[in-house]
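[1] I need the structure of the sequence given here:
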Amino acid sequence: MYCPFCQAEDTKVIDSRLVADGSQIRRRRECEVCHSRFTTFETIDLALPRVIKSNGERQPFNGSKLKKGMLRALEKRPLSTEEIDTVFGKILKEIRTRGVREIKSIEIGEIMMNALKQVDSVAYVRFASVYRDFQDIKDFSEEINSLKKEKPSSKQNKK
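    Numbers count the residues shown, from 1 in each chain. Below you'll find the model as predicted:
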């Protein structure tokens, strides 16, 4: 791998770790010329299905677009980068394991919402508000009430 700092061809791996639920390897590398260190990530490159948009258009799957939407929903939430990568890996794994050549964008949105619901209810409501095109406070209220029914609050009422 080329050094991103001096473009030298020789870099060596000084540390490797499994991340993102074991579906990715994080490697620390050091340039043998300038001695700069940098991190790379190695993932399995399995084919993802083509996406069928709501207007019928078909597009190649765009993981960076999906992750961007997820990161926007998780902005300023207390999840570490590693936890976010793990959730994103689970989303990709679910899409891959469906074994289809094409998937509707609405299905991808549902997979994303289910994953966010499991890790952060605020991020889930943020994503749902954009994905389901909430128009007013009533839409937010209904979604929050459905969350409350699914996850009863563990807090006791204080008098």
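
[2] Where is the longest helix in the chain?
    Selection of the longest helix in the chain by residue count, based on DSSP state H, yields helix 81-97.

[3] can you list the domain ranges for this structure.
    As assigned by automatic domain parsing, the chain contains the domains 10-45, 46-150.

[4] will you turn those into a markdown table that also has mean pLDDT and mean neighbour count?
    Placement of C-beta: from N, CA and C, glycine included. Output for the domains of the chain, formatted as a markdown table (pLDDT from 0 to 100; neighbours: other CB atoms under 10 Å):
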| stretch | mean pLDDT | mean neighbour count |
| --- | --- | --- |
| domain 10-45 | 90 | 13 |
| domain 46-150 | 89 | 14 |
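
[5] Reformat the ones you listed into CSV and put distance to residue 2 next to each item.
    Output for the domains of the chain, formatted as CSV (distance: least, CB to CB, whole Å):
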stretch, distance to residue 2
domain 10-45, 7
domain 46-150, 22
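
[6] I'd like to know which of those lies nearest to residue 1.
    Nearest to residue 1 among these is domain 10-45; the distance by CB to CB comes to 5.2 Å.

[7] Show me what the longest helix of the chain is packed against.
    Under the contact definition 3 or more CB pairs under 8 Å, 6 or more residues apart in numbering; DSSP states H and E, helix 81-97 sits against strand 11-19, helix 63-74, helix 105-119.

[8] surely residue 96 meets residue 48?
    Yes - contact criterion CB atoms under 8 Å: residue 96 and residue 48 qualify, at 6.4 Å.

[9] nearest to residue 30, of the helices and strands packed on helix 81-97?
    strand 11-19 (5.2 Å).

[10] Check which element follows the closest one along the chain.
    With elements assigned by DSSP states H and E, the helix or strand that comes after strand 11-19 is strand 24-31.

[11] Just the angle for that following strand relative to strand 11-19, thanks.
    160 degrees (axes from the mean of the first three to the mean of the last three CA atoms, to 10 degrees).

[12] So the closest residue in space to residue 132 that isn't next to it in sequence: helix, strand or coil?
    Counting by CB to CB, 6 or more residues apart in numbering, the nearest residue to residue 132 once its immediate chain neighbours are dropped is residue 139, at 7.4 Å. Secondary structure state of residue 139, per DSSP: H, G, I helix; E, B strand; the rest coil, is helix.

[13] doesn't residue 125 make contact with residue 139?
    No - because the distance of 10.0 Å does not satisfy CB under 8 Å, residue 139 is recorded as not touching residue 125.
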